[in-house]
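Participant: here's my sequence, what's the structure:
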Amino acid sequence: MIENYILSALVQEEEFSRKALPFLRKEYFADEGQQAIFQLVKQFVDKYNKIPNKAVLSVDLDEQKGLSQTTYDQAKECIKQIGTNPAVDEQWLLDNTEKFCQDKAIYNAIMDSIKIMDDKKEQQSRGTIPKLLSDALAVSFDQHIGHDFLEDSASRFENYHKKEKRIPFDIDFLNKITKGGLPRKTLNIILAGTGVGKSLAMCHMAAHNLSSGHNVLYITMEMAEEKIAERIDANLLDVTLDELAVLTKDAYQKKIERFRNKTTGKLIIKEYPTASAGSANFRHLLNELRLKRNFKPDIIYIDYLNICSSSRLKAGANVNSYTYVKAIAEELRGLGVEFDVPIVSATQTNRTGFTSTDVGLEDTSESFGLPATADIMIALIATEELDKLSQIMVKQLKNRYSDPTKFKRFVIGVDKSKMKLYDVEGSAQQNIMDAPGSHYSTQYEPSGNSDKFGKFDFN
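Facilitator: Next up, the predicted model:
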């Protein structure tokens, strides 16, 4: 039995003991005698910071009070068995001990869940069952306890030169300011006033991700699923919203089939009522999609953050908007880390920002805690002049991926009839004023697009 090998190694192999002991639990051992020995080993290590030998265990066992004769006899026999097992590879034993802990944790969680379900007095809430199972599934021997600056310098150097997986844009300047796209485990925010184009931008990005072969989850809390799908249809099929409304079913299906044959990605659009769902609901959705549809997103869009609910705080319960919106942002970023995906969402400007032609972080509505949590935050700015040119200005407000003062402002094209964004020619950037002291030059040439964009730089 693996339990005998584990208990023997806990007493004989100090390195194994230090690696495995923090993750072992008394309830993982079915035999009461083994449970008693494990408790003695753990108590000794906690007190003396070293492993006990067989003689110490025998003495401590004799001094234990409250043990039944059966448990005492089992424990005595367990001590005798220590050291009699054939030698095994330490890594093999460590791997199998981890599996033993995982299996026992899941088994115990299932049995506890059954007891809760059968408890007619409902002494424990059935709402605790998901957490029991989640904690059991999370059991792992994580040996990382910190980065040793000097000893780990080689691995740190390798990390500097490791190419991070990113989800790229089809807009050149967005790739430039993010060094090639959005990294996983991040929260990325678009700030704009009502009607400027937050949903349009996210629909365009989702459409591009899908056409690039990525799996996309689009969560909408503002518009219906069908409205979001309609916008993405117009973008991908290259037809206006008006043309889409009069397109015949046969022509529509042919366009969809042609697109289906060009991509390996999937797009799931899920609608929730406004302010009714938060990270806990989204986590449940992700687990359901994985189990029922074998779908794991590469990127998640949430339209939009301020009308989500917090899974930790109750709205209106003596919680101000700063704390509440910041909690939502933290929970969504945590969700991105948990599922290893970038999350893209949006937020509104406040009243001042709505009329401003130079939006700043201070124009974020409801909570300044949101920009404090986001990894990147860009503002979309529309003016009458830009509208006439079918353009929109993008301004960096915060950027953890690169220097936010470089390419601080730039313009991109917008086709609202087809829900599309596109790169504009380099000459369109010439009148864009950057930060004080910046200048427009001919030092930068976007990769692969030199004739389309010309040469320019913001420094």
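Participant: what segments of the stretch 201-350 of the chain are helices?
Facilitator: For the stretch 201-350 of the chain, helices defined by DSSP state H, counting those that start in this stretch occupy the ranges 225-237, 241-246, 249-260, 279-293, 321-339.
Participant: let me fix that, I meant to ask about the stretch 51-200 of the chain.
Facilitator: Under DSSP H, counting those that start in this stretch, the stretch 51-200 of the chain gives helices at 54-63, 69-81, 90-118, 129-137, 153-160, 172-177, 198-211.
Participant: so what touches the first one?
Facilitator: This points to helix 54-63. With contact meaning CB atoms under 8 Å, 6 or more residues apart in numbering, helix 54-63 is reached by 11, 36-37, 40-41, 43-44, 52, 72, 75-76, 79, 82-83. Where you see a C-beta, it was placed from the backbone N, CA and C, and this is true even at glycine.
Participant: 10 Å - rerun?
Facilitator: Residues outside helix 54-63 that contact it (CB atoms under 10 Å, 6 or more residues apart in numbering): 7-8, 11-12, 33, 36-37, 39-41, 43-44, 48, 52, 67, 71-72, 75-76, 78-80, 82-83.
Participant: show me what counts as buried in it.
Facilitator: Neighbour counts over helix 54-63 (16 or more other CB atoms under 10 Å) mark 57-58, 60-61 as buried.
Participant: the fourth one too?
Facilitator: Across helix 129-137, burial judged by 16+ other CB under 10 Å covers 129, 132-133, 136.
Participant: hmm, back to that, any chance of the helices of the stretch 201-350 of the chain in TSV, plus distance to residue 407 and mean pLDDT?
Facilitator: Output for the helices of the stretch 201-350 of the chain, formatted as TSV (distance: least, CB to CB, whole Å; pLDDT from 0 to 100):
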stretch	distance to residue 407	mean pLDDT
helix 225-237	25	96
helix 241-246	31	94
helix 249-260	32	95
helix 279-293	32	92
helix 321-339	24	92
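Participant: re the thing from before, filter the contacts of helix 54-63 to the buried ones?
Facilitator: Neighbour-count burial (16+ other CB under 10 Å) applied to those gives 7-8, 11-12, 33, 36-37, 40-41, 44, 52, 67, 71-72, 75-76, 78-79, 82.
Participant: list the contacts of the residue sitting nearest the centre point of the chain.
Facilitator: For the chain, residue 336 is the residue whose C-alpha lies nearest the centre (CA atoms, centre = their mean; 1.3 Å). Residues near residue 336 by CB under 10 Å, 6+ apart: 182-188, 279, 299-300, 342-344, 375.
Participant: cool, and residue 90?
Facilitator: 9, 13, 15-16, 19.
Participant: of these, which is the nearest to residue 390?
Facilitator: Residue 390 lies nearest to residue 19 out of the contacts of residue 90, by CB to CB, at 61.6 Å.
Participant: how far away is residue 3 from residue 31?
Facilitator: 7 Å (CB to CB, to the nearest Å).
Participant: over to residue 200?
Facilitator: Counting by CB to CB - residue 200 and residue 31 are separated by 64 Å.
Participant: what does residue 224 give?
Facilitator: From residue 224 to residue 31 the distance is 58 Å (CB to CB).
Participant: and for residue 178?
Facilitator: Distance from residue 178 to residue 31, by CB to CB: 56 Å.
Participant: do the same with residue 338
Facilitator: 36 Å.
Participant: before we move on, the earlier item: what residues are shared contacts of residue 3 and residue 31?
Facilitator: 37-38, 78.
Participant: which stretches of the chain aren't confidently modelled?
Facilitator: Filtered on pLDDT under 70, the chain yields the residue ranges 121-122, 142-145, 315-317, 431, 433-459.
Participant: please look at residue 404 and residue 375 and confirm they touch.
Facilitator: No - Residue 404 lies out of contact with residue 375 (CB atoms under 10 Å); the separation is 11.6 Å.
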